[in-house]
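A.B. asks: Give me the fold of what follows.
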Amino acid sequence: MSSLKAHSQTLYNIDYLQWIEATVEKLQSQDYANVDWENLIEEIADMGKSERRRLKSNLIVILVHLLKWQFQPQKRSGSWEASIIEHRRRVNEALNDSPSLQSYLDSIFAESYLQAVKQAKAETGLPVESFPSICPYDILDVTNDEYLPE
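C.D. replies: The predicted model follows:
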């Protein structure tokens, strides 16, 4: 391993921010031979995974709160509505920034609903049978700022 590559590996492991700054500087100056490509490629791949995880997490939060809103109307609160609004904003921003995430959202929707039912059961104390086995909301409702189930 060359001393420059060893330095990049060490910098990556010791000071991540400094590694990013050094990598950006090398790319801007077109010093491609000295870029820590292995870690850069890994970081870019991880960014995509992270975006998908965040999208799924926000979707589940929305679904949980929609279920609670619908199936525990006596306990509706401003904090539930605020959470729905906040997580919708996050989902919609992610979709606006990366429209290709829409197909991922479509592909995880049913699975996310099942996870949301488990969480809603735990949070409400209602039996799992209280909730529909298939999501009663469509994706457009879930991401629509005006939609709240009755």
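
A.B. asks: Wait, residue 56 touches residue 108, no?
C.D. replies: Yes: using CB atoms under 8 Å, residue 56 is in contact with residue 108, at 5.5 Å. Where C-beta positions appear, they are placed from N, C-alpha and C, glycine not excepted.

A.B. asks: Give me the nearest residue to residue 145, chain neighbours excluded.
C.D. replies: residue 88 (6.0 Å; CB to CB, 6 or more residues apart in numbering).

A.B. asks: got the contact list for the one you found?
C.D. replies: By CB atoms under 8 Å, 6 or more residues apart in numbering, the residues touching residue 88 are 62, 142, 143, 144, 145.

A.B. asks: Distance check, it against residue 143.
C.D. replies: Going from residue 88 to residue 143 by CB to CB, to the nearest Å gives 6 Å.

A.B. asks: Equivalent analysis for residue 64, please.
C.D. replies: 15 Å.

A.B. asks: So which of these two has more stuff around it?
C.D. replies: residue 64 (26 against 19; other CB atoms under 10 Å).

A.B. asks: and after the helix or strand containing that one, which helix or strand comes next?
C.D. replies: Assigned by DSSP states H and E, residue 64 belongs to helix 37-71. Per DSSP H and E, the first helix or strand lying C-terminal to helix 37-71 is helix 78-97.

A.B. asks: Any buried residues in that next one, and which?
C.D. replies: 80, 83, 84, 87, 88, 90, 91, 94, 95 (16 or more other CB atoms under 10 Å).

A.B. asks: Same question for stretch 140-150.
C.D. replies: Neighbour-count burial for stretch 140-150 flags 142, 143 (criterion: 16+ other CB under 10 Å).

A.B. asks: I'd like the average pLDDT over that stretch.
C.D. replies: Stretch 140-150 carries an average pLDDT of 94.

A.B. asks: what comes into contact with that stretch?
C.D. replies: With CB under 8 Å, 6+ apart as the test, stretch 140-150 has contacts from 59, 62-63, 66, 69-70, 81, 84-85, 88, 91-92, 95, 136-137.

A.B. asks: residue ranges with poor pLDDT in this structure?
C.D. replies: 1-9 (pLDDT under 70).

A.B. asks: domain ranges for it?
C.D. replies: 1-35, 48-143 (automatic domain parsing).

A.B. asks: Alright, I will stop here.
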